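Visitor: Structure of the sequence below:
(2 chains)
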Number of protein chains: 2
Amino acid sequence: MRAICLVSGGMDSCVTVAEAVAAHHEIFLLHINYGQRTEKRELKAFQDIATYYSVPASRIMCSSIQHLSAIGGSSLTDSAIPVQKADLDSEHIPTSYVPFRNAHLLSIAVSWAEVCGATEVYIGAVHEDSSGYPDCRPEYYEAFNQVIKLGTASGSIHIVTPIINLTKDQIVRRGLELGAPLDLTWSCYQNEQEACGVCDSCALRLRGFKHAGVTDPLPYVSRPDY
Amino acid sequence: MRAICLVSGGMDSCVTVAEAVAAHHEIFLLHINYGQRTEKRELKAFQDIATYYSVPASRIMCSSIQHLSAIGGSSLTDSAIPVQKADLDSEHIPTSYVPFRNAHLLSIAVSWAEVCGATEVYIGAVHEDSSGYPDCRPEYYEAFNQVIKLGTASGSIHIVTPIINLTKDQIVRRGLELGAPLDLTWSCYQNEQEACGVCDSCALRLRGFKHAGVTDPLPYVSRPDY
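Guide: Numbering: from 1, shown residues only, chains lettered A, B, ... in the order given. Have a look, this model is predicted:
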């Protein structure tokens, strides 16, 4: 069966691809440039992951959308809003939240799925051990599946979130178990050469590797002890 | 209260704007170019409607997305697929169905709503007297409202579909009652100078005007009797 995989180029999406491969799907990789700061580096990671899994060009789509950065409201898409240092204990939604972002990504994936005949859309959303974005909760995906069921011609596409209930260290372990190329991924929200080590995304990643007892292969400006 | 109105430039979206105005909302108009055949003419209709309602530039957004035409699968976005002649009695989804289109439009509207503080998103979806697109059903919008509730920071934005249960003649009458500028709108899927009169959208429109006992002010190549 065919599966669309949404791939930012980060660790979570890479392990999600590995899960789709392990489930014996014919994978179609979709990367979306929505004006995020580190897009250039993320795109390289995406391409490296596609090459690693030998995905042919006919099953790769890179799409650019302008409206999320035009709308702004997030430190990821608006250079006037600085990227915050991580506060993993905060219960507030961080400034890196891009308003309703995942609905845009899923919509593109579902439209492509309808046309290419895929029945699954894989996304590497993480709930528990995450920044607290509202559109990463399991119930959000259940609701979106209902929208797909009602709003498509086939009604038979559904979203798969294989790592949504894993902690970051479990994601690292699962990635290594599946042979996912974690060294090719990029997670930092701030930098494109050496990961900053202090944004939310770096903090969550570094803590995950630490708890998994593994050294993160990426270069970091600093590696605080989370 | 602020309301985002999705405006294609067709009759349905124009009457929907009139409903938002009648509800005393501060209206924000959103037009989306997704590669549809008649975009140039639709954009003019959109701009004319915005001018008619004296909406300032700060509350207007025109957004372009490439992925729906890249994905294809519809006669509206893929020039290799001809626009069918209307068959208003058919129970099949017509070739003008753009896969999962409305989810893209709603996602952009909801992201803008989150940032500009709007609590309503108006869309001129029509269910009963329509082409039979799956993403025009009331239950689809109920499901999407659930996605918005779970997937946004505020959780307080909702979709309003004021004409979803009206027939086309009721839409014409309601538009005239509210002073909506139906003469400025454009509905044809095929042409940009004179409406073709034979595509699904023309057929539904012409039948609506006929049943309302009013002459459609637009120029037509032909006006079959539906």
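Visitor: List the contacts of residue A:121.
Guide: A:3, A:4, A:5, A:6, A:106, A:109, A:110, A:113, A:157, A:158, A:159, A:160 (CB atoms under 8 Å, 6 or more residues apart in numbering or on different chains). The way it works is simple: take the backbone N, C-alpha and C, and place the C-beta from them, glycine included.
Visitor: and which of the residues you listed is nearest residue B:55?
Guide: residue A:106 (30.2 Å; CB to CB).
Visitor: number of nearby residues for the nearest residue to that closest one once chain neighbours are set aside?
Guide: Take residue A:106 and drop its neighbours on the chain: the residue closest to it by CB to CB, 6 or more residues apart in numbering or on different chains is residue A:144, 5.9 Å away. Neighbourhood size, residue A:144 [other CB atoms under 10 Å in any protein chain shown]: 27.
Visitor: go on, residue A:40?
Guide: 11.
Visitor: any idea whether it is helix, strand or coil?
Guide: Here residue A:40 is recorded as helix under DSSP: H, G, I helix; E, B strand; the rest coil.
Visitor: And it, how close does it get to residue A:193?
Guide: According to CB to CB, to the nearest Å, residue A:40 and residue A:193 sit 10 Å apart.
Visitor: likewise residue A:136?
Guide: In terms of CB to CB, residue A:136 sits 28 Å off from residue A:193.
Visitor: Of those two, give the one with the bigger neighbour count.
Guide: Taking other CB under 10 Å, residue A:136 and residue A:193 do not tie; residue A:136 has more neighbours (22 against 8).
Visitor: OK, contacts around residue A:45?
Guide: By CB under 8 Å, 6+ apart, the contact list for residue A:45 reads A:8, A:9, A:10, A:14, A:184, A:185, A:186.
Visitor: Let's see which of these end up in helices.
Guide: residue A:14 (DSSP state H).
Visitor: strand partners of the longest strand seen in chain A, parallel vs antiparallel please.
Guide: In chain A, assigned by DSSP state E, the strand with the most residues is strand A:26-33. Strand pairing for strand A:26-33, determined by DSSP bridges: strand A:2-6 (parallel), strand A:60-64 (parallel).
Visitor: for those strands, which one ends up most surrounded?
Guide: strand A:2-6 (a mean of 24; mean count of other CB atoms under 10 Å in any protein chain shown).
Visitor: chain center to that one, what's the gap?
Guide: Per CA atoms, centre = their mean, to the nearest Å, the displacement of strand A:2-6 from the mean C-alpha position of its chain is 13 Å.
Visitor: Show residues contacting that strand.
Guide: Against strand A:2-6 from outside (CB under 8 Å, 6+ apart): A:13, A:16-17, A:20, A:23, A:25-32, A:105-106, A:109, A:112-113, A:116-124, A:160.
Visitor: Mind checking which of these are buried?
Guide: Listed as buried from the contacts of strand A:2-6 are A:13, A:16-17, A:20, A:25, A:27-32, A:105-106, A:109, A:112-113, A:116, A:118, A:120-124, A:160; burial here means 16 or more other CB atoms under 10 Å in any protein chain shown.
Visitor: just the helices in chain A please.
Guide: A:11-22, A:39-52, A:67-71, A:101-116, A:138-151, A:168-177, A:200-212.
Visitor: Would you tell me whether the third one gets close to chain B?
Guide: Yes. Contact between helix A:67-71 and chain B is present through A:67, A:68, A:70, A:71 (criterion: CB under 8 Å from any CB of the partner chain).
Visitor: Which one of those is nearest to residue B:129?
Guide: Using CB to CB, those come closest to residue B:129 at residue A:67, 30.8 Å.
Visitor: What is the burial count for the closest one?
Guide: Residues within reach of residue A:67, counting by other CB under 10 Å, total 23.
Visitor: What are the contacting residues of stretch A:181-190?
Guide: Residues outside stretch A:181-190 that contact it (CB under 8 Å, 6+ apart): A:9-11, A:13-15, A:36-38, A:41-42, A:44-45, A:48-49, A:52, A:75-76, A:83, A:96, A:172, A:175-176, A:192, A:195-202, A:204-205, A:216-218.
Visitor: typed the wrong thing, it's stretch A:133-152
Guide: So stretch A:133-152 is contacted by A:93, A:97, A:100-103, A:106, A:110, A:114, A:123, A:125-127, A:130, A:155, A:157-159, A:161, A:164-165, B:99-100, B:102-103, B:134-135, B:137, B:139-140, B:143-144, B:146-147, B:149-153, B:155 (CB under 8 Å, 6+ apart).
Visitor: Run the chain-centre distance for it.
Guide: Centre-to-centre, stretch A:133-152 and its host chain are 16 Å apart (CA atoms, centre = their mean).
Visitor: Ok, stretch A:9-20 next?
Guide: 7 Å.
Visitor: Same check on stretch A:112-120?
Guide: 19 Å.
Visitor: And for stretch A:32-44?
Guide: Using CA atoms, centre = their mean, the offset of stretch A:32-44 from its chain centre is 12 Å.
Visitor: start to end distance for that stretch?
Guide: Terminal residues of stretch A:32-44 are spaced 12 Å apart (CA to CA, to the nearest Å).
Visitor: got the buried residues for it?
Guide: Buried residues in stretch A:32-44, counting neighbours by 16+ other CB under 10 Å, are found at A:32, A:33, A:34, A:35, A:36, A:37, A:38, A:39, A:41, A:42, A:43.
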